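J.: Based on what follows, work out the 3D shape:
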Amino acid sequence: MNVSRQIRIRRTFWGANSEGEGIEFISNPPGRGAVRTSHRLRALAVIAFVIAQVMILSPLANAAPGDLDLSFGTDGKVITGFVGGSAGASSVALQPDGKVVVAGLTGLTSFAARDFALARYNPDGSVDASFGTEGTLTTDFAGGSDVAVGVALQPDGKIVAAGFTGPPDGDFRQFALARYNADGAPDSSFGTDGQVITDFPSVDEAASAVALQPDGKIVTAGIAFTSSGFGDFIVARYNPDGTLDLSFGTGGEATTNFGDHDGAFAVALQPDGKVVAAGFSFGTPTLEEEFALARYSSDGALDPTFGTGGEVTTDFNSFDDGASAVAVQPDGKIVAAGGSFPSPTTADFALARYEPNGTLDLAFGTGGMVTTDFAGAYDLAEDVALQPDGKIVAAGLTGVLAGDEFDFALARYDSDGSLDAFFGTGGRVTTDFAGGTDEAGGVALQPDGKIVAAGVATVGSSQDVALARYEGGAVITVHVDIKPGSRTNPIKLSSAGTIPVAILSTSSFDATTVDPTSVCFGDAEAPAQRDCTMTYQSLQDVDGDVRLDLLLHFDTKQTGIDLGDTQACLTGRTSTGLTVEGCDSIKTI
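T.: Numbering: from 1, shown residues only. Below is the predicted model:
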């Protein structure tokens, strides 16, 4: 068993008992399988990041992508203490009005005293006094040890938090969900006084992620321990009132056994209603942990069109691997992020991208996989977010296992899996809050392109909820002229020729700063189908305003434009790394 790593992770995410020793999971099985069981049930305050795309007309930024946003909190950082003692956030979500909601737990240092903890912040990082009690709230489930690990926002403004509850000794946990009104008050229309506790047929269960369907149903995923002490994936679905949805799986839940010991740490929903869960699988013949994904049909049955009977495992050829987060791209590809462990005491960020059928996407990284090493010996991705331009942001921690010395860590990748050289230093960013151990557990995207992270920071002897917001790199909306000189922009789809597309210079934007090799053009609704290989480029004044414009040609048949489309779009990047995007009307023939 990887003792040193297991102790560190248990202490960080579960706290310590009165003797200062890590709290053990119920019936930890032999071998290393339980190591990352706690690693992504990160019931401690891990941090959530939020990423977005800014729509502006000129590249104003003095700040570079990855820099702390100095308009947020104090120099880009916020630390919040809770009355209930040490606290941390494990997930984050953004409201449409720009407010930031985080969920986690209080009582990090006392297993018996833990409660759900939520906080809401104004867009400038100040605590929203209209939420809960001066911006924070805690929820106790019948006096047990309660941990919120996931949070999701309903369209009506209500907030759903999910995790687990159990007796003070930490054994025999159950799924726990709470729903709150927009002001933080318990929603009495959900479960019993806003709370739901679910005891499944397994011995011990803990939810680690939550997602909301468009119909209002709530999907949770986690780990379920059997009487043998081994875990399985478990996915459960609830009706909007908090009752189990009996049309899903068996009695509202579905379990999946990959091998000896498995656990789901993340869940994502596809537009077609299918559910993707990601985590780890440990078992024979490798006796190592691997990335594990399962996809379920809308009725909870494993999807036979995904991997082998609905299951996929991925080995990074290291000591152990585990996925902590999962997201689905608009083109149906699936991105999983977590950690790859070259040795018992070292780790790297690890990402894998899969085709919709579960095979590795060979256009991503090396054979569909990417690992990233920071300056620290122990780097772990805890969450992942997808930018509209196809870039991928992973957030977690970096540091040294011995001594629990960690900082927030973010990495941003281009769509092919290479590190984004314009983000931070070589694609990486680290943040220290107050000289102690800091860990990020979640990430999300703001509509203005900034990245918000939430989790835990150690300040002296206390652990508090921590947030940081980063510059994402502005998205510049540019003027695009398809087929310059034409009013209707007719596109003959059967043509073997090219489509001329001009990016226009204006009084506030210089089109000559755009890197022609970075521009992708085509279908407005399916960016992944666009043509990213222009056949011709030149600088010329196409609109007669005495400014040089960038004229590019693209192969008609490679653009992904379909009959009936009325708009085509492009994305690209300037020489300083700012993203540009723009659209123009078309008429397909």
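J.: can I assume Glu581 sits in a strand?
T.: Yes - under DSSP: H, G, I helix; E, B strand; the rest coil, Glu581 falls within a strand.
J.: I'd like to know how many residues surround it.
T.: Burial of Glu581 is recorded as 19 neighbouring residues (other C-beta atoms under 10 Å). (Each C-beta comes from the backbone N, C-alpha and C, glycine too.)
J.: looking at it, Gly242 is touching Asp193, isn't it?
T.: No - Gly242 is not in contact with Asp193 according to C-beta atoms under 8 Å; the separation is 10.6 Å.
J.: Which helix or which strand is home to the residue nearest to Gly144 when sequence neighbours are not counted?
T.: Once flanking residues are discounted, Gly144 sits nearest to Thr165: 4.5 Å by C-beta to C-beta, 6 or more residues apart in numbering. Assigned by DSSP states H and E, Thr165 belongs to strand 159-166.
J.: quick revisit: between Gly242 and Asp193, who's got more neighbours?
T.: Gly242 (21 against 9).
J.: quick one, what contacts that one?
T.: Leu177, Arg179, Phe190, Gly191, Val196 (C-beta atoms under 8 Å, 6 or more residues apart in numbering).
J.: Out of those residues, the closest to Pro447 would be?
T.: Pro447 has its nearest neighbour among these in Arg179, at 24.9 Å by C-beta to C-beta.
J.: Quick check: the closest one vs Leu212, distance?
T.: Arg179 sits 11 Å away from Leu212, going by C-beta to C-beta, to the nearest Å.
J.: thinking again about what came up before, out of the contacts of Gly242, which is most surrounded?
T.: Leu177 (28 neighbours).
J.: Look at that one and tell me its secondary structure.
T.: Secondary structure assignment for Leu177 (three-state DSSP): strand.
J.: can you pull the contacts of it?
T.: If you count contacts by C-beta under 8 Å, 6+ apart, Leu177 has them with 160-162, 190-191, 195-196, 198, 207, 210, 218, 220, 238, 242.
J.: Kindly recompute the last result at 6 Å.
T.: Leu177 makes contacts with Ala162, Val196, as judged by C-beta atoms under 6 Å, 6 or more residues apart in numbering.
J.: Identify the bridge partners of it.
T.: Ala162, Val196 (DSSP bridges).
J.: how close does the residue most central in space within the chain sit to Ala444?
T.: Closest to where the C-alpha atoms of the chain average out (C-alpha atoms, centre = their mean) is Val384, at 3.0 Å. Separation of Val384 from Ala444 (C-beta to C-beta): 10 Å.
J.: Check Val312 too.
T.: 26 Å.
J.: So which of these two has more stuff around it?
T.: Neighbours of Val312 and Ala444, each counted by other C-beta under 10 Å, are more numerous for Val312; the result is 26 against 23.
J.: Contacts only, for the more buried one.
T.: Neighbours of Val312 in contact, by C-beta under 6 Å, 6+ apart: Leu293, Gly358.
J.: Now with 7 Å, please.
T.: Val312 is in contact with Leu293, Phe306, Tyr354, Gly358, counting by C-beta atoms under 7 Å, 6 or more residues apart in numbering.
J.: Export these to JSON lines and append columns for secondary structure and neighbour count.
T.: Output for the contacts of Val312, formatted as JSON lines (DSSP: H, G, I helix; E, B strand; the rest coil; neighbours: other C-beta atoms under 10 Å):
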{"residue": "Leu293", "secondary structure": "strand", "neighbour count": "28"}
{"residue": "Phe306", "secondary structure": "coil", "neighbour count": "24"}
{"residue": "Tyr354", "secondary structure": "strand", "neighbour count": "28"}
{"residue": "Gly358", "secondary structure": "coil", "neighbour count": "20"}
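J.: from the residues you listed, which single one is nearest Gly577?
T.: Using C-beta to C-beta, Tyr354 comes nearest to Gly577 of these, at 27.9 Å.
J.: Neighbours of Asp232, how many?
T.: When neighbours are defined as other C-beta under 10 Å, Asp232 has 22 of them.
J.: what's the helix or strand that contains it in contact with?
T.: For Asp232, the element it lies in under DSSP H and E is strand 231-238. With C-beta under 7 Å, 6+ apart as the test, strand 231-238 has contacts from 37, 175, 177, 196, 198, 200, 205, 217-226, 244-245, 248, 252-257, 261-264, 267, 275, 277, 279, 294, 296.
J.: Filter these down to the buried ones and express that as a ChimeraX selection.
T.: The following ChimeraX line selects those of the contacts of strand 231-238 that are buried, judged by 16 or more other C-beta atoms under 10 Å:
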select :37,175,177,196,198,200,205,217,218,219,220,221,222,223,224,225,226,244,245,248,252,253,254,255,256,257,261,262,263,264,267,275,277,279,294,296
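J.: Sitting in strands, which of the contacts of strand 231-238 do you find?
T.: Residues of these located in strands (DSSP state E): 175, 177, 196, 198, 205, 218-225, 253-256, 261-264, 267, 275, 277, 279, 294, 296.
J.: pLDDT below threshold where in the protein?
T.: Applying pLDDT under 70 to the chain flags the ranges 1-62, 84, 108-112, 168-171, 284-286.
J.: Repeat the analysis, applying 50 as the threshold.
T.: 1-61 (pLDDT under 50).
J.: okay, now the domains of it?
T.: What automatic domain parsing lists as the domains of the chain is 6-475, 478-588.
J.: Out of the ones you listed, which one sits most buried?
T.: domain 6-475 (a mean of 22; mean count of other C-beta atoms under 10 Å).
J.: gap between Arg237 and Gly88?
T.: Distance, Arg237 to Gly88, using C-beta to C-beta: 28 Å.
J.: Mind jotting down where the strands sit in the stretch 351-500 of the chain?
T.: For the stretch 351-500 of the chain, the strands defined by DSSP state E, counting those that start in this stretch occupy 369-372, 378-386, 392-400, 405-413, 428-431, 438-445, 451-459, 462-470, 475-477, 479-482, 490-491, 498-504.
J.: Could you point out which of those sits nearest Ala421?
T.: strand 405-413 (9.7 Å).
J.: Contacts for that closest one next, please.
T.: The contact list for strand 405-413, computed with C-beta under 7 Å, 6+ apart, reads 47, 49, 349, 370, 372, 374, 379, 391-399, 419-420, 423, 427-432, 437-440, 453, 468, 470.
J.: Next, the angle from it to strand 438-445.
T.: 30 degrees (axes from the mean of the first three to the mean of the last three C-alpha atoms, to 10 degrees).
J.: From what I see, Asp531 and Phe554 are in contact.
T.: Yes - with contacts defined as C-beta atoms under 7 Å, Asp531 counts as touching Phe554 at a distance of 4.6 Å.
J.: any residues in contact with both of the two?
T.: Common contact partners of Asp531 and Phe554 (C-beta under 7 Å, 6+ apart): Phe521.
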